[in-house]
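1. just the structure for this:
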Amino acid sequence: KMTSSDARPIGCEPTARPTVSPRPGSAPAADPVARIFDVQRWSLNDGAGIRTVVFFKGCPLGCPWCSNPESRSREIHEVKREAQCIHCDVCPRREEDCPTGAWHRIGRDVTLSELEREIARDEIFHRVSGGGVTLSGGEVLLQAPFAIALLRRLKARGLSTAIETTGHGSHEALLEMGRLCDEVLYDFKIMDPRRAHEVLGINLSRTLAGYAALVGAGVRVIPRLPLVPGYTMTEENVAAVLDFLRPFAPPELHLLPLHHYGAAKYDLIGLDYEAADIPPPSEAEIDHWRRRCEAEGHRVVVGG
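-> Modelled structure (predicted):
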C-alpha cells in the first residue's frame with residue numbers, strides 16, 4: 001500500500017499537510033522557471049529515434065484513464081511508499097532525509113538553463129539515432145512561455161523537437177510552439193462535445209480548431225487516439241475522429257490502447273482510479289480498429 005502525505009502515515013508523526021513549494025515565477029526573466037515532474041531519458045516513444053521527454057506538471061483535464069495522474073496538480077508534494085517505510089521513531093517526511101527512500105517528492109522547479117544542461121547530456125544519442133526532445137505533461141500549454149523559450153534553445157542547438165498536447169489552451173501559444181517543432185503529437189479523445197466536457201472538462205471545439213490551425217500553418221501534426229472501452233473505443237467516436245481528419249490527410253494516425261501501468265500512482269497520491277475496472281482492449285479489438293482506420297487511407301501506428 002502507498003499513501004500520500006495527506007493521509008495519516010502508519011507509525012510516523014501526526015498528519016501534516018503536503019509539502020508544497022512556491023509556485024514558479026520568482027526567478028529573473030532571463031532564466032525562467034518551470035515546474036516538471038520527470039525527465040525521461042532514452043525514450044523510444046513520443047517521437048522518432050531516442051528521445052528525452054520532459055513532463056510538465058499541471059493539466060486542466062480529468063481523463064479517467066490517465067496514466068500520469070501525478071501530472072494533474074501544479075503543486076509539489078511529498079508522498080510515502082508504505083511498503084518501503086520502516087516506521088522511524090521520528091519520521092523525516094522528506095525525500096532528502098528518509099533513510100529508505102519511502103518518502104518521494106513529486107515535482108520540482110527547474111530553470112531554463114538547468115533543464116537545457118540536463119537535456120544536453122543526451123545530445124549525442126539524439127543525433128546518432130535521429131531522435132530529439134519531446135515536451136509532454138500534463139499539458140505543456142499551461143507553461144507555454146517557458147516551453148517556447150526551451151524549444152527555441154533546442155532548435156538553436158540543432159535538435160529535433162516535438163510536443164504532446166490536447167490543444168487545450170492558447171491558440172497563439174500553440175501555433176508558436178508548433179512552428180518550433182518538427183512534429184506535434186495531438187491527442188483526440190471523446191468527440192461528443194457535451195460528453196467531452198462532462199467527462200474530461202475539455203472544450204472540444206477549441207481543441208479541434210487548434211488542430212486545424214496547426215495544419216493550416218504547415219506544421220506536421222500527428223493525431224493520436226486512445227483506445228478506451230466505453231469512452232473513445234466506439235464506432236461512433238472513431239467515425240467522428242475519422243470524419244474530422246478526412247480533409248487534413250495526416251501523415252500518420254497513432255492508436256494508443258488503454259493500459260494500467262500507472263494504476264499504482266493513484267494510490268500513491270490518494271486519487272481514485274476510475275478506469276480500474278475497464279479491461280484493456282484485446283489484440284483482436286486493436287486489430288479491428290487499426291484496419292478500420294487503414295480503410296480510410298491512414299498509415300496507422302499502434303503505440304507511439
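
2. for stretch 226-239, what is the distance to the chain centroid?
-> 20 Å (C-alpha atoms, centre = their mean, to the nearest Å).

3. all helices for this structure, in order.
-> 112-120, 123-129, 144-156, 171-179, 193-200, 204-216, 235-245, 263-269, 283-294 (DSSP state H).

4. could the ones you listed go into JSON lines alongside mean pLDDT, mean neighbour count and distance to residue 76?
-> Bear in mind the C-beta positions are built from the backbone N, C-alpha and C, glycine included. Formatted as JSON lines, the helices of the chain follow (pLDDT from 0 to 100; neighbours: other C-beta atoms under 10 Å; distance: least, C-beta to C-beta, whole Å):
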{"stretch": "helix 112-120", "mean pLDDT": "97", "mean neighbour count": "16", "distance to residue 76": "16"}
{"stretch": "helix 123-129", "mean pLDDT": "94", "mean neighbour count": "15", "distance to residue 76": "28"}
{"stretch": "helix 144-156", "mean pLDDT": "98", "mean neighbour count": "18", "distance to residue 76": "16"}
{"stretch": "helix 171-179", "mean pLDDT": "98", "mean neighbour count": "18", "distance to residue 76": "24"}
{"stretch": "helix 193-200", "mean pLDDT": "97", "mean neighbour count": "15", "distance to residue 76": "25"}
{"stretch": "helix 204-216", "mean pLDDT": "97", "mean neighbour count": "18", "distance to residue 76": "28"}
{"stretch": "helix 235-245", "mean pLDDT": "98", "mean neighbour count": "16", "distance to residue 76": "36"}
{"stretch": "helix 263-269", "mean pLDDT": "90", "mean neighbour count": "17", "distance to residue 76": "12"}
{"stretch": "helix 283-294", "mean pLDDT": "98", "mean neighbour count": "14", "distance to residue 76": "37"}
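
5. adding distance to residue 87, write these out as CSV.
-> Below are the helices of the chain laid out as CSV (distance: least, C-beta to C-beta, whole Å):
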stretch, distance to residue 87
helix 112-120, 35
helix 123-129, 42
helix 144-156, 40
helix 171-179, 47
helix 193-200, 40
helix 204-216, 47
helix 235-245, 48
helix 263-269, 18
helix 283-294, 44
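
6. in the chain, which helix or strand is least confident?
-> strand 3-4 (a mean of 40; mean pLDDT, DSSP states H and E).

7. still on that earlier bit, among the helices of the chain, which is nearest residue 277?
-> Closest of those to residue 277 is helix 263-269, at 11.0 Å (criterion: C-beta to C-beta).

8. for the closest one, packing partners?
-> Under the contact criterion of 3 or more C-beta pairs under 8 Å, 6 or more residues apart in numbering; DSSP states H and E, helix 263-269 touches strand 3-4, strand 77-80.

9. so what's residue 278 closest to, chain neighbours aside?
-> In space, residue 278 comes closest to residue 229 once its chain neighbours are excluded; the distance is 5.6 Å by C-beta to C-beta, 6 or more residues apart in numbering.

10. hmm, residue 282 and that neighbour touching each other?
-> No. The criterion here is C-beta atoms under 8 Å, and residue 229 misses it with residue 282 at 9.9 Å.
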